[in-house]
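A.B. asks: Fold the following and give me the result.
(chains A and B)
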Amino acid sequence: MSSMPTEEQKAAVTKIPLVLNDRPLSWITDKVSSVVEERTPFWWWVSFMVTSVIAAFGLFCIGYQISTGVGVWGENHPNGWAWDITNFVFWIGIGHAGTLISAILFLTRQKWRTAVNRSAEAMTLFAVVCAGIFPGIHVGRVWMAWFLAPVPNSNGIWPNFRSPLLWDVFAVSTYFTVSVLFWYTGLVPDLATLRDRTNSRFKKFLYGTFALGWRGSNRHWRHYEMAYLILAGISTPLVLSVHSVVSFDFATSILPGWHTTIFPPYFVAGAIFGGFAMVLTILLPARLIYPQLKDVITLQHVDKMAKIICLTGSIVGYAYLMELFIAWYSTNPFEKFTFFHSRFNWDGTGYYQWAYGCMMFCNVVSPQVFWFKWCRNNLWVVFGICMLVNAGMWFERFVIICTSLSQDFIPSSWHIYHPTWVEQGTFLGTFGIFLSLFLLFMRFLPMIAMSEVKIVLPEADPHHHPHDEEAHH
Amino acid sequence: MKKIFQHPPEPVNGKKYWRSLDEIAGTPEFRDRLKREFPAGADEFEAGGVSRRSFIKLMGASTALAGLSLSACRRPEKHLVPFTKSAEWEIPGKPLFYATSMPHRKGAQPLVVTTVDGRPIKIEGNPGHPASMGTTSLFAQSSILDMYDPDRARLFRERGLESDSTKFDAYLTQLTGELGANGGDGLAFLLEENNSPTRERLRQAVIAKYPKAVWAVYEPLGNDAVVQANKDAYGDDIKVTPKFDDADVILSLDSDFLNFEEGSVEMIRGFSKRRRVGRPEDGKPDMNRLYVVENRYTITGGMADHRMRLPVSQIGAFAVALAEKIGVDSALDASLKQLAGTPSFDGQWLAEMAKDLQSAKGRSLVLVGARQPEWVQLLVGAINAALGNLGKTLVGTASDVKPSLKISDLSLLIQNKQVTTLFIFGGNPVYNAPADLDWATLQKSVPAVIRVGLHEDETSNRALWQVPGTHYLETWSDGRASDGSYVSVQPMILPLFGGWSELDILARLLGQPKPEGPELVQDTFKLLAKPADFKSAWNIFLHDGFLKDSQLNESALTFNAAAAAKFIETNSSNPAAGNSYEIVFIGDSKMDDGRYANNGWLQELPEPITKLTWDNAALVSVATAAELGMDVKDHLGKQDFDTLEIKIDEKRSIEIPVLIAPGHADNSITIPLGYGRVFNGNIAKGAGVNVYPLRTTAQTYFAIGPKTMVKRTGNQYRLAITQDHHSMEGRAIVREATLDTYKETPDFPKKMWMDAEILREKGPDNPFNDGSNASLYRHPPLDAPNQWGMTIDLNTCTGCNACVIACQSENNIPIVGKEQVVNGRAMHWIRNDRYYASVDEHDPDPEMVMQPMMCQQCENAPCETVCPVNATVHSTDGLNVMAYNRCIGTRYCANNCPFKVRRFNFFDYQQRPLDKLKLGPLTEKGSPDTLKMQKNPNVTVRMRGVMEKCTFCVQRIQEAKIAQKVKAGASDDVRVPTDSFQVACQQACPAEAIVFGDIKDPKSKVSLLKAQEKNYRLLEYLNVNTRVSYLARLRNPNPAMPDAAKSAAFEKGLIHTEEGGKA
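C.D. replies: Okay, here's the model as predicted:
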């Protein structure tokens, strides 16, 4: 007979439970549903008012720009893109974290994903909505943006399938469609739960309609599992492909600083990096506001997500440094100039070095603190670093776009870009839209995937006998 | 098989009101339609037993046919209505061309004007005229917009109140009576300079009729000193014209002869002819050599092989030293001794240059700017005489315009109350008369001022009668071109606003009726040409635009050294270069003397050297700027600039923004005239600072004062500059070498910088590139019978910007206003890039090069692959084609263009007021009628949100192709003949630097140029395969000169296979 393991040894090999404090299944249902079923708290109204006003201001800025012209922004010759595409890539990148958590972590059987995947997926959807605004409105003639769709038209020609912008159209619309389907599929059992719990006829009708007649039968669950798996399978390549396609907007052009094959993995890593930071930015306050959820969204989850941030941040940092190296190694004078004058430079001859500095500090230096466990476990540090990462990721896209455009091949056309209040207002407005949508989501839909969390509880395992634990040894 | 629909006849007004579907369905017409449209379905319907699905299908289609939806979705009805009474010979939409000329103080410019539907739309040079040979200046190109200026004077005003032409006519009749009685006592005329023989003839008649009348001519940028000097040196009224054909060595002392200020297109043409260099095998390339001494960079200075920067007030001293070195007529020895002082310039530079001039006796040319005082003009005349240039490179012609009074004389008469009736024709003396005359007060004191002008401007404000003037495109007149030939001024359209020309008024004062047509000119023609058959001679004259063999005869030039010496002894002043600043007044390259202030094209045109738009600025050197306490560091993106207060005395001071100008002389401040006008011109409002208050009769062109008269105010002013950066950053974009290097290595541009590493031939090291167009994407085959290409000769391009305005005029390119230019949104399709180049970054004497840049029409266009909607595609004849109606404006094409030649319509520039663009839909939509009239009907006017760029004038290409197809008829011969048409920029260029044509034909002009070894393409390594290529710039330095080593060092830095030196 082997010797009895010590308490420390036991502790070392005992997995930290995904849901703390041995919560039973019904507790999950009660606590998560309670967020939706309670009366709308006062703080929610206040926040929603604020975010709605910001969103409305954003919509006003958009309306102003569409009715008056792209000239109300700061774009000029040669800076044809600036904040508009920066924001587009920023938002679409953020969305990737949600899909990764939902799909890739599902396929790799990472059970801890269940506490955060619903919110992350919702965040993806709202981020894609915000992202999708920009390609739509940034064009000079928005009322003709439908030319991008491959439908019969009086010009008698198809769109240009060689153009990365068109690939974007397909990629983003596919991404949105699949994400909606995936998210909705996962929602169905939880909507049914809410339908069954509520006493209000109106709510029963609404939840019931969207629950599509879910009965929780074996057949339903089997179909559910199949659909979920298939959608996860479709979503997984999208995590890699969508942002790669977005990176092709730059990589397939000829501009120095854009024309580089490192972009697809660089962008995808950056997307996941920024996305996870945004997930944490949303969830950490949610934990504070709904303390009952602390047992489900545990420190473990935060720890794991911080580790992912550290990993992807390191990949992004490596990519930045590799870009600098290759710019030097290539001896291409345009490439060298873009990197060692426009971006990484102390002699003040360029204009955007400050942005490059922000980018480097926020993206390369700051996530490295997550090597230290106490940093990962200190929620204030985590929140702070996540905000830095969010900002850093925005700066990364801004630096890529504006430095390459403002100082390119022929020096006579060099010109600096300055944003105007309209594009700043539009960007702010998208945050308003994003947060408004998220607040609505929090209010009306279960922000944790109840059914999925229950699946990973020890109770859900049919072979689980709680008293066996002690009896075994 | 294509379905052929038999649509039922549309009801007259498409709408049809109905109370129920049944009502419609029940009518027999409806059933009929149904039967015709859906033969089977109709039966089904009538049978009654129709399924729910088919019912909906049928009803949906049928109600649409019944006019419910079809007519509601119809495009709004618009009407194309032809003229019932059109201009003679007009075919709607097809152009007619008429010859005319543009009157100018330096000589009329022969033109051919394109008219469509009875109105002029584009100005070109007269290809038949030996002087212009079809090219135009910048001012001629933009003058069409002046005619269509919506702010033009439209009303007759008597004492400021609205009147009409009948009342004015009555006034003239009354005046004629009064003046006839007293012999014209108190009658005075103040006019602009014009060598029109008809005006001269009428002038003589007027003076004959009113002997006491006074005739004064004033041009703010006149050349009184030159005229006077020529009179003293060569005798009465001789005009001296340089002939560049035979000049091997040229020295310019403050003479910007390549700019339109000094002459017109003939100078550029003549100079370029000797500047162009063919292949070395064609014989010794006898390129001329240009030395320039000036205070600021001019386009002439940019072309120089050797340049010295020297304050304008020191040019005289330079001329003195040069005269001594050359050894002029001994009569001048005394004056020279008197004037000799310590030179402030490099003596060796002058010595070597003088040696060069002497080695080319009779084949050299020394030019001096009109700005210089008379004694300097005389000295230079002596120098030319000593060099044997008179009669060879300098020819004299007798002027047939009698001298007139100056404005200073006229003002004396006014002060003495000797003028009661003053006619002011054109000009703007209240704005631009010398400040010491206080013309505004003087004019107010004249009882009757009749002001005839294109605008109600500063001068009209104090007039008894304000009469709308006519533009030359609306006037019958004549003139003499720079070679003296008699040219016609023929109207293209009746006066738009019922104006009167000066000839009309002079005729009325002579008691003649107001001319209906060309009667006055015909009378002059009869006198000059003495034709046997008047009618046909007159028609030929109008058709050609000029009278053959009517050039004024050459007068022999004998320099009167004694007279010159006498003048110089008493009138020269040689200020020592000491602790003082000089203020130099220059005519602006765009505004001229201010007459074009309301011309939007010219305001928005970047000034060739500073690239400044919509304003004027003082120019100072780096050293002077540092002295004044300015920040001399170059910042990308700088928009706000310091202002200087220049205070010559208590009454004369201005505040003007200041720019640091590389290559500017120290202690010299250049300020351009022509800005700061105050009148109801929408374009001119707020544009620049009026510098005329500083100008006096004594100090017309430059003023010297203590350094304390200039100081920084501490204020800042925003300037709209189109080019932010002036270094090539070591990139060989403009490629140049010395003539010697070219002789050794004719293909030097192909060996420069990154191009040296491009493997051009297939070989063991290079198995993939066989020189053919390697690309990842399939492109349309370039198999049309014509393939379009273009070369630009950097050796002759001066950067004058005539091409920019020609393009703007031809292609309906909008102006965007100052604020938008500050934001970097100028819309010019072609731009002139100006770079300063030097080996040492802080060299105060950099070189300057110009490079016109337009869409390079790349065969592997990076813009084409990235447009998501296929709005920009490639044509089979090699053009990168832009489809405005397909463009949604993603701007990816502009981002991907390495040359950044694409222009985006950020606002509705054509439809919205330029000062209210940001208010968008809240402003009034629409453009003034006259501006719409100027637009070229063959070119789409682009709306906002659409990208545009140079199209190689595709409308002209298409016209040529159509004409050829019509000619070919049933045959296959659709190839447009070689060199049978020109694009707008090519047609305007006075230096013939731009050559466009068919590169498929090896004998076309453009193919021959592209075959030259010094032909190169930009950014070749990107494999974009541009159809536009450049002929590299050559300089012809004198190896003995002290700065020759600099050119050599500079060139070495670039012609290498490794990375070039920093420029």
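A.B. asks: Could you tell me which helix of chain B is the longest one?
C.D. replies: helix B:165-182 (DSSP state H).
A.B. asks: Give me the phi and psi for B:Ser589.
C.D. replies: phi -70, psi -20 (degrees, to the nearest 10).
A.B. asks: typo on my end, it should be B:Gln716
C.D. replies: Dihedral angles (degrees, to the nearest 10) for B:Gln716: phi -120, psi 150.
A.B. asks: residues in contact with whichever residue of the stretch 401-550 of chain B sits closest to chain A?
C.D. replies: Using CB to the nearest CB, the closest approach of the stretch 401-550 of chain B to chain A is made by B:His455 at 29.9 Å. Glycine gets a C-beta too; all of them are placed from N, C-alpha and C. B:His455 is in contact with B:Asp149, B:Asp151, B:Arg152, B:Ala153, B:Asn598, B:Phe679, B:Asn680, B:Gly681, counting by CB atoms under 8 Å, 6 or more residues apart in numbering or on different chains.
A.B. asks: circling back to that earlier point, so what does whichever helix or strand comes after the longest helix of chain B touch, helix or strand wise?
C.D. replies: On the C-terminal side of helix B:165-182, the nearest following helix or strand under DSSP states H and E is strand B:187-191. Applying 3 or more CB pairs under 8 Å, 6 or more residues apart in numbering or on different chains; DSSP states H and E, one finds that strand B:187-191 contacts strand B:214-217, helix B:407-415, strand B:421-425.
A.B. asks: what sits up against strand B:187-191?
C.D. replies: B:179, B:206, B:210, B:212-218, B:404, B:407, B:410, B:413-414, B:419-427, B:429, B:502.
A.B. asks: Determine how far it lies from the middle of the whole chain.
C.D. replies: Going by CA atoms, centre = their mean, to the nearest Å, the spacing between the C-alpha centre of strand B:187-191 and its chain's C-alpha centre is 31 Å.
A.B. asks: quick check: angle from that strand to helix B:165-182?
C.D. replies: If you take axes from the mean of the first three to the mean of the last three CA atoms, to 10 degrees, strand B:187-191 sits at 120 degrees to helix B:165-182.
A.B. asks: Tell me the buried residues in strand B:187-191?
C.D. replies: Across strand B:187-191, burial judged by 16 or more other CB atoms under 10 Å in any protein chain shown covers B:Leu187, B:Ala188, B:Phe189, B:Leu190, B:Leu191.
A.B. asks: ok, so what distance separates the first one from chain A?
C.D. replies: Read that as B:Leu187. Separation of B:Leu187 from chain A (CB to the nearest CB, to the nearest Å): 54 Å.
A.B. asks: and what of the second one?
C.D. replies: Distance from B:Ala188 to chain A, counting by CB to the nearest CB: 51 Å.
A.B. asks: Show me where the stretch 801-950 of chain B has its helices.
C.D. replies: B:802-810, B:818-822, B:862-866, B:892-896, B:929-934 (DSSP state H, counting those that start in this stretch).
A.B. asks: For the ones you listed, give me TSV that also has mean neighbour count.
C.D. replies: Converted to TSV, the helices of the stretch 801-950 of chain B look like this (neighbours: other CB atoms under 10 Å in any protein chain shown):
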stretch	mean neighbour count
helix B:802-810	27
helix B:818-822	20
helix B:862-866	24
helix B:892-896	25
helix B:929-934	15
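A.B. asks: which stretch among those comes nearest B:Cys950?
C.D. replies: helix B:802-810 (7.2 Å; CB to CB).
A.B. asks: just for the stretch 701-850 of chain B, where's the confidence low?
C.D. replies: B:759-774 (pLDDT under 70).
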